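Peer 1: Model the following, please.
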Amino acid sequence: MSIPTHQDRFLQLLDKHRKILYKVATGYCRNPADRPDLEQEIVLQLWRSFDRYDDRYRFSTWMYRIALNVAISFYRSETRRSRHTVAADDSILEIAEDKAESGEMDKSLQLLHQFIARLDELDRALILLYLDENRYDTIAEILGISETNVGTKISRIKERLRCDFLNSA
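Peer 2: Alright, predicted model coming up:
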């Protein structure tokens, strides 16, 4: 049995935690067509940083931190680009949307995605980590905030979600 190479180890860890890529990309891309680009950029940054990964920490924690930083940068650059383009009417976007994708999501899930898209960068990262069932201490470590702050922010986000959900019903 051969010892896995550095690249093989990276690919194994990436494959084991690939759902993180999809969750972060989905949470930060307004345009579904941009998701593969963001996922590719995250993988590239993970690979560039892999030499500095410390085995004493969970790979998923390290991966989330890098993925969220890349996604926030991507989101900011996308926001700057969108200021210089003409916004399409929502009905045009709905027509262009893939029918299979839109049919798969039920109404509640669509509302949740819309709610998450309106959150600021930190709150969006926080709620994605929370929905992925990370513990408060892990979320605090990834985002660089205190556990107490994590709990407070999650409570406030949940309250805003309740209000938004009741207002849309």
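
Peer 1: name the element Gln7 belongs to?
Peer 2: Element membership for Gln7, per DSSP states H and E: helix 6-16.

Peer 1: Find the nearest non-adjacent residue to the most centrally placed residue in the chain, please.
Peer 2: Centre of the chain computed as the mean C-alpha position; nearest residue by Cα atoms, centre = their mean is Val24, 1.9 Å away. Distances taken as Cβ to Cβ, 6 or more residues apart in numbering place Ala67 nearest to Val24, at 4.4 Å, with adjacent residues excluded. C-beta: built from backbone N, CA, C; applies to glycine.

Peer 1: which helix is the longest one in the protein?
Peer 2: helix 59-83 (DSSP state H).

Peer 1: Roughly how far does Phe165 sit from Asp37?
Peer 2: Phe165 sits 31 Å away from Asp37, going by Cβ to Cβ, to the nearest Å.

Peer 1: That should have said Ala25, apologies.
Peer 2: Ala25 is 9 Å from Asp37, by Cβ to Cβ.

Peer 1: These two: who's more crowded?
Peer 2: Just comparing Ala25 and Asp37: by other Cβ atoms under 10 Å the higher neighbour count belongs to Ala25, 23 against 14.

Peer 1: ok, the more buried one - contacts?
Peer 2: If a contact means Cβ atoms under 8 Å, 6 or more residues apart in numbering, then Ala25 has 35-36, 38-39, 42, 71 as its contacts.

Peer 1: between the residues you listed, which has the most around it?
Peer 2: Among those, Ala71 has the most neighbours (other Cβ under 10 Å), with 26 neighbours.

Peer 1: residue contacts, it?
Peer 2: Neighbours of Ala71 in contact, by Cβ under 8 Å, 6+ apart: 24-25, 27-28, 38, 42, 125.
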